[in-house]
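Engineer: Need coordinates for the following:
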Amino acid sequence: MRAGDTLPPLEIEITRTLVVAGAIASRDYQDVHHDAELARQKGSPDIFMNILTTNGLVGRYITDQFGPGAVLRRVAIRLGAPNYPGDTMVLTGVVEDVQGDTATVRVVGANGIGRHVTGTVTVTAPRTATTTVPEADGAAARNAEARNVEARKAEGRKAEARNAEGRT
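Structural biologist: Modelled structure (predicted):
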């Protein structure tokens, strides 16, 4: 990763279930996140996503890009246009700075009515060990790369197992 690199976009469908589940998971029981009628009485056209769900989605976006060993060091976001059910939020990111194994990424999440979230995330991603092999020995180079690929897959399987157990 280098400063100026652009991360691939992530499209997230904003469903009623996502909005309500995110609010419940983060123990945010404000009615505007789960009761459409009460949200309308308060001036909103529908329920809308809470900041904690948005924060989690931003974190997911970054860790998906930097791998299962990535550690979020700082997440600083600001909300703008609400995320309503039926819309799509597209997260994008640009690497602003890299210092060793730590990067700062500017993140924007836009939906059909504007920018839902803007901010920066600082993430540390451990470097994958690579073996330097003389180019003359092609078989050794392929074997070293295969070992690196298998190590990355094993890290991913461990992370998935932790997630399945609810231990992220």
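
Engineer: Is residue 10 in contact with residue 62, as I believe?
Structural biologist: No - judged on C-beta atoms under 8 Å, residue 10 makes no contact with residue 62 at a distance of 9.9 Å. For glycine as for every other residue, the C-beta is placed from the backbone atoms N, C-alpha and C.

Engineer: These two - which one has more neighbours?
Structural biologist: residue 62 (23 against 18; other C-beta atoms under 10 Å).

Engineer: Quick check: which element contains the more buried one?
Structural biologist: helix 51-66 (DSSP states H and E).

Engineer: Quick one: mean pLDDT for that helix?
Structural biologist: Model confidence over helix 51-66, given as mean pLDDT, is 96.

Engineer: And the contacts of it?
Structural biologist: Around helix 51-66, the neighbours that count as contacts under C-beta atoms under 8 Å, 6 or more residues apart in numbering are 1, 7-8, 10, 12, 18-19, 22-23, 25-26, 28, 70, 72, 75, 77, 79, 83, 89, 91, 93, 103, 105, 107, 109, 116-117, 119, 121, 123, 125.

Engineer: In the chain, what residue spans correspond to helices?
Structural biologist: Applying DSSP state H to the chain gives helices spanning 16-25, 36-41, 51-66, 138-164.

Engineer: State the pLDDT value of residue 32.
Structural biologist: 89.

Engineer: Against residue 46, how distant is the closest residue to it other than its chain neighbours?
Structural biologist: In space, not counting the residues next to it along the chain, residue 32 is nearest to residue 39; the distance is 4.5 Å by C-beta to C-beta, 6 or more residues apart in numbering. In this structure, residue 39 and residue 46 are 6 Å apart, going by C-beta to C-beta, to the nearest Å.

Engineer: okay, those two: which has more neighbours?
Structural biologist: Using other C-beta under 10 Å as the criterion, residue 39 and residue 46 rank with residue 39 on top: 20 against 16.

Engineer: Would you check that the more buried one makes contact with residue 48?
Structural biologist: Yes - counting by C-beta under 8 Å, residue 39 touches residue 48, with 7.1 Å between them.
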